[in-house]
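Trainee: predicted coordinates and the sequence they were generated for:
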Amino acid sequence: MKITEQIKQPILKEMELFEKKFHESMSSKVALLNRITYYIVNRKGKQMRPMFVFLTAKMISDGTVNERTYRGASVIELIHTATLVHDDVVDDSNKRRGFFSINALWKNKIAVLVGDYLLSKGLLLSIDNGDFDLLRIISVAVREMSEGELLQIEKARRLDITEEIYYEIIRQKTATLIAACCSLGACSVDPESEHVEKMRKFGELIGMAFQIKDDLFDYTEDAIGKPTGIDIKEQKMTLPLIYVLNTCSKEEKKWLINSIKNHNKDKKRVKQVIAFVKEHKGLDYAEQRMAEFQQEALMLLSDYPSSPYKDALTLMVNYVIERKI
């Protein structure tokens, strides 16, 4: 059984019902919108975010969920999908999960409007049901994600990212949404408890590890045995590169920055940068930091009694850093 299937086992019933509710939450009177949202629903990814919501909710409540849990999972998936649709427009990307993106099929104007529609649907689902505590968690996540993206753009122009700023960017850009999933799960079943903050922290730590793993993919070989180097081509400052920039000599730093700024489209030069980062222990350092975030997340779980939900979350933490894609 695939690891994602194993993780899903204790919440299979919830995930099935969630899919039905999620589909309903997207419905509209506009035929074009329904065609597009039908296309989105049928090309779903691994659905890690709703899985986090249900697993955390069930872990802290001895295996029970309620309507708020389903709404929380739907809202987070609506918001997440909205950000992906907008991201594809921003990145001018024609593919998403191996399928054509919304902007590739229906053009940018429609893609932006669909993203706005999904965002409003998510917010209204909370408001109409009086889930203001859940709405606060989600709204903070959306604000932070936008700030993280803009901070990364601002810093990428100057290539002056310190390790501290890098962690702030990935915390906002990636970790915030996973943190929101976990705190939403806890808040849906036990709103006033300390579990809400504890689970938020747990999700944030997983999100940090998840993003560092993504960074490492840029330096590891793809299916045909070649390192991708996509982040270098896009002048994205990743942890292995930041570490090496801060530990190499002045001359080497000059060469690295020049390579990324002015030769990032030169395949041979990108290969040399990848080799340089590997030689100077950039990957080892990033792997070490990723493992630290993973261990911290597992420590937070250790406070909870043994259950299938806790086991699934532990599997999820390990899957995040052991995954191949």
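Mentor: Cool, the structure landed.
Trainee: spatially, what comes nearest to the residue nearest the centre of the chain if we skip its sequence neighbours?
Mentor: Nearest to the centroid of the C-alpha atoms of the chain, with distances taken as Cα atoms, centre = their mean, sits residue 174, at 4.4 Å. If the residues on either side of it in the chain are set aside, residue 174 comes closest to residue 211, at 4.2 Å by Cβ to Cβ, 6 or more residues apart in numbering. For glycine as for every other residue, the C-beta is placed from the backbone atoms N, C-alpha and C.
Trainee: how much space between the one you found and residue 234?
Mentor: Taken as Cβ to Cβ, to the nearest Å, the spacing of residue 211 relative to residue 234 amounts to 15 Å.
Trainee: got it, and residue 215?
Mentor: 12 Å.
Trainee: of the two, give the one with the bigger neighbour count.
Mentor: Set side by side, residue 215 and residue 234 show unequal neighbour counts under other Cβ atoms under 10 Å, the larger going to residue 215 at 22 against 12.
Trainee: surely that one is in contact with residue 240?
Mentor: Yes - counting by Cβ atoms under 8 Å, a contact exists between residue 215 and residue 240, whose distance comes to 6.4 Å.
Trainee: can you tell me the helix or strand for the residue of the chain positioned farthest from its centre?
Mentor: Seen from the C-alpha centroid of the chain, the residue lying at the greatest distance (Cα atoms, centre = their mean) is residue 251, 35.7 Å away. For residue 251, the element it lies in under DSSP states H and E is helix 250-262.
Trainee: same check on residue 290?
Mentor: Assigning secondary structure by DSSP H and E places residue 290 in helix 282-301.
Trainee: likewise residue 192?
Mentor: Per DSSP H and E: residue 192 is located in neither a helix nor a strand.
Trainee: what's the neighbour count on it?
Mentor: Here the number of neighbours of residue 192 (other Cβ under 10 Å) works out to 8.
Trainee: for it, phi and psi?
Mentor: According to degrees, to the nearest 10, the main-chain angles of residue 192 amount to phi -100, psi 10.
Trainee: from here on, count from 24
Mentor: Yep, numbering from 24; the last one is residue 215 now.
Trainee: please report how far it lies from residue 202.
Mentor: Summarising the geometry, the distance separating residue 215 from residue 202, computed by Cβ to Cβ, is 19 Å.
Trainee: residue 138 too?
Mentor: 22 Å.
Trainee: of these two, which one has the most company?
Mentor: For the pair residue 138 and residue 202, the greater number of neighbours falls to residue 202 (26 against 22), based on other Cβ under 10 Å.
Trainee: list the residues that contact that one.
Mentor: By Cβ atoms under 8 Å, 6 or more residues apart in numbering, residue 202 lies in contact with 164, 223, 224, 225, 226, 227, 230.
Trainee: export these as TSV, with columns for pLDDT, distance to residue 335 and neighbour count.
Mentor: Compiled in TSV, the contacts of residue 202 are given as follows (pLDDT from 0 to 100; distance: Cβ to Cβ, whole Å; neighbours: other Cβ atoms under 10 Å):
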residue	pLDDT	distance to residue 335	neighbour count
164	92	23	25
223	96	19	24
224	97	19	15
225	97	13	26
226	96	14	28
227	97	19	23
230	95	18	27
